[in-house]
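[1] Sequence and predicted structure, then a few things I'm wondering about:
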Amino acid sequence: DTVHDTGVDNVGTVPAAVATFLALQKLDGKADLLINAGTCGGFKAMDAHIGDVFLTTGAANHDRRIPIPAFEPYGYGFVKSVSVPQLKATIGAKEGVCTTGNSLDKHDIDEFHMKKNEASVKDMEAAAIGWTCELHKMPHFGIKVVTDIVDGDKPTQEEFLENLQTAAKSLQETLPKVIEHVCGRDHDEL
């Protein structure tokens with residue numbers, strides 16, 4: 001983060017949307033699929049466990065609450081992911097909706113909207129990346145590895161830091177399999 005001179009990585013919806021927009025603009029039609037790879041929190045109520053690999057079926061916001069009828073669907077902002085059933089079977093992944101917000105922790109109102117989103121996993125970027133892809137008519141999906149249990153007993157930040165290295169290793173091992181599977185295939189073959 002050079003804006004606030006913190007030295008930390010840029011996370012959240014604003015950096016994700018800007019980076020995705022600039023990347024797609026620079027690629028200028030030279031790509032036909034965007035894969036959003038990263039870590040996430042998982043919901044034990046949706047059978048998520050530390051280290052599980054999830055493929056997104058869609059993404060939505062849980063903290064963009066605009067209680068004006070015409071704006072509610074925009075605030076929620078659901079975007080559908082490319083369907084990847086063969087990839088799911090090939091790598092043994094789970095699948096589900098990724099709910100996105102700009103905070104690592106959650107509050108009761110966030111939890112209400114996460115459940116409304118029917119979320120299996122939670123991150124800080126997927127809905128923004130999906131929205132930006134939709135602007136560019138770019139097909140997309142996410143591959144997320146669980147670092148913490150959102151509806152669990154441990155404080156999110158402690159569990160996240162405790163499991164980040166393990167999740168990153170799992171992602172590093174899984175991504176080459178994902179790339180091998182998607183390259184050279186039409187989207188309906190994924």
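    That came in fine, so what should we check first?
[2] contacting residues for the most centrally placed residue in the chain?
    With distances taken as C-alpha atoms, centre = their mean, A126 lies nearest the centre of the chain, 3.5 Å away. A126 makes contacts with N36, C40, T56, A59, C98, T100, G142, K144, as judged by C-beta atoms under 8 Å, 6 or more residues apart in numbering. (C-beta placed from N, C-alpha, C; glycine too.)
[3] quick check, nearest of these to H4?
    For these, the minimum distance to H4 (C-beta to C-beta) is 21.5 Å, reached by T100.
[4] Could you tell me how far K26 is located from H140?
    Using C-beta to C-beta, to the nearest Å, K26 is found at 16 Å from H140.
[5] More neighbours: these two, which one.
    Comparing K26 with H140 by neighbour count (other C-beta atoms under 10 Å), the higher total belongs to H140, at 24 against 9.
[6] Which stretches in this protein count as strands?
    34-42, 53-61, 79-80, 94-100, 119-123, 140-149 (DSSP state E).
[7] Mind giving me the packing neighbours of the first one?
    Packed against strand 34-42 by the contact rule (3 or more C-beta pairs under 8 Å, 6 or more residues apart in numbering; DSSP states H and E) you find strand 53-61, strand 119-123, helix 126-135, strand 140-149, helix 156-182.
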